[in-house]
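>>> Show me the folded form of this:
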Amino acid sequence: TANLVRNIWSHSVIMCGHFPEGVQVFERRSIKNETRGQWYLRQMMGSANISGSKAMHFMTGNLSHQIEHHLFPDLPSNRYAEVAVKVRALFEKYELEYVTGPLPKQVFSAWRKVVRLSLPNKKPKVGMPDREQELVAA
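Presented below is the predicted three-dimensional model:
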């Protein structure tokens, strides 16, 4: 039972950080020769957070701050909440979608996206946003 609960919890946290609606998908060829600015933008657009209490963040090992984790993988996880305020301000400044929501909403959104993408003749939105050059230059 403990293994099952742990696996469901881990799966939920991982899915919520990488697959909810609003998270961009990138083809391997689109990242070839990417600049450092493009890499940061891809990290910002390719991940999502889980909102919640301090207990929620603790129970996820602070990986509920997945956007910040992708941007600063070497930063101690207990600092993600502090950095999140500044990261969110950057999203607002450049009118980017900061994908976040409570765990149930994010899990449902991620599974809805997986099901949608598994159906025939459906193509994900792939690549960098149209404003890539503008954002990277800023």
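
>>> Read off the pLDDT value for Pro124.
You'll see Pro124 listed with a pLDDT of 58.

>>> try the one 3 residues further on
If you check Gly127, the pLDDT there is 59.

>>> show me where the chain has helices.
All helices of the chain, identified by DSSP state H, fall at 2-18, 36-45, 54-59, 66-71, 80-93, 103-118, 132-137.

>>> need these in CSV with mean pLDDT, can you?
Conversion of the helices of the chain to CSV gives the following (pLDDT from 0 to 100):
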stretch, mean pLDDT
helix 2-18, 94
helix 36-45, 93
helix 54-59, 95
helix 66-71, 96
helix 80-93, 96
helix 103-118, 92
helix 132-137, 56
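
>>> Make a markdown table from those helices and add distance to Arg29 and mean neighbour count to it.
Yep, even glycine has a C-beta here, placed from its N, CA and C like the rest. Listed next are the helices of the chain as a markdown table, based on distance: least, CB to CB, whole Å; neighbours: other CB atoms under 10 Å:
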| stretch | distance to Arg29 | mean neighbour count |
| --- | --- | --- |
| helix 2-18 | 20 | 14 |
| helix 36-45 | 13 | 17 |
| helix 54-59 | 36 | 14 |
| helix 66-71 | 20 | 23 |
| helix 80-93 | 26 | 14 |
| helix 103-118 | 19 | 15 |
| helix 132-137 | 15 | 14 |
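
>>> Pipe the ones you listed into CSV and attach distance to Val25 per row.
Formatted as CSV, the helices of the chain follow (distance: least, CB to CB, whole Å):
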stretch, distance to Val25
helix 2-18, 10
helix 36-45, 9
helix 54-59, 26
helix 66-71, 14
helix 80-93, 19
helix 103-118, 8
helix 132-137, 15
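
>>> Out of the ones you listed, flag the one nearest Gln24.
Each of these has some distance to Gln24 by CB to CB; the shortest is helix 36-45, at 4.1 Å.

>>> tell me, what residue is most central in this structure?
Of all residues in the chain, the one closest to the mean position by CA atoms, centre = their mean is Ser47, 1.4 Å from it.
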